[in-house]
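Undergrad: I'll drop the sequence and a predicted model, then ask my questions.
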Amino acid sequence: MGSYSTEGRYVKYTPSEATPAGTEVLVGKRFGFVPSDLAANQRGSIDTEGVWKVTKVAGAATVDGELAYRLNDGSGWQMSAAGATPYGKFVGDQESADTTCKVELIPSLTSGGTKTITEDTTLTAADSGKTISSVGAAGAVVATLPAAVPGLEFDFYVGAAQMLRPKAAGTDVIGLPSTGVAGSAGEYIEANAVGETVRLKCMVAGVWSPLGYSGTWAHQT
């Protein structure tokens, strides 16, 4: 259960039973909070962005800016990945004795499920719509994209202080997030600061276009 702090992005949601504001909800693979009370079968929404006050796992401190994991049983939030899924980052430091904390939801983590990779991986069209996270990586990780077919899209989240490298396949190219200028065929873009993100979508066959990003991404050199 969370309480509203700042506005975010909304996804349609109709509960089968009365649902109070602040309820944590999964709609398919999308995670968010119910911003206002909903009656059974009342059409409403969940907020997949914004900052929310949530229940903190007992005895666990949190650190501002660190990745926030929600226990898969919904009982609380923590910095450990054990038995939990990342949906945001912590806002402010909280002592182990505190019972609540604030979490800023990260859209690339709340939007469609997360696939964590810690070594070079070849993605498939079935992974489209997922967030590709490098949490736990001990070295640079290359994520080779499938052939660029219109409609496919991927979010990337740098989860460790190591290079995360989304790489085009074959003759496909990737646009640089800051300029949109395409790199060379079959090359990657890269970033290595925890929390950096990029969304790549194929709008034209053979081309991955950046539709949003945070941090500093560079072309392969």
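TA: Great, that's in hand.
Undergrad: pLDDT below threshold where in the protein?
TA: By pLDDT under 70, the weakly predicted segments of the chain are 1-8, 108, 112.
Undergrad: which residues touch Ala191?
TA: Ala191 sits next to Val158, Met163, Leu164, Val198, Gly215, Thr216, Trp217, Ala218 when contact means C-beta atoms under 8 Å, 6 or more residues apart in numbering. No exception for glycine: its C-beta is placed from N, CA and C like everyone else's.
Undergrad: that one and Ser134, how far apart?
TA: Distance, Ala191 to Ser134, using C-beta to C-beta, to the nearest Å: 10 Å.
Undergrad: what touches both of these two?
TA: Val158, Leu164.
Undergrad: now do the same for the residue nearest the centre of the chain: helix, strand or coil?
TA: For the chain, Leu109 is the residue whose C-alpha lies nearest the centre (C-alpha atoms, centre = their mean; 1.7 Å). Under the three-state scheme (DSSP: H, G, I helix; E, B strand; the rest coil), Leu109 adopts helix.
Undergrad: I'd say it and Phe156 touch.
TA: No - if you go by C-beta atoms under 8 Å, Leu109 and Phe156 don't touch, sitting 11.0 Å apart.
Undergrad: give the residues shared as contacts by those two.
TA: Thr131, Ser133.
Undergrad: rewinding a little: quick one: contacts for the residue nearest to the centre of the chain?
TA: Leu109 touches Phe31, Pro86, Tyr87, Gly88, Thr131, Ser133, Asp155, Tyr157, counting by C-beta under 8 Å, 6+ apart.
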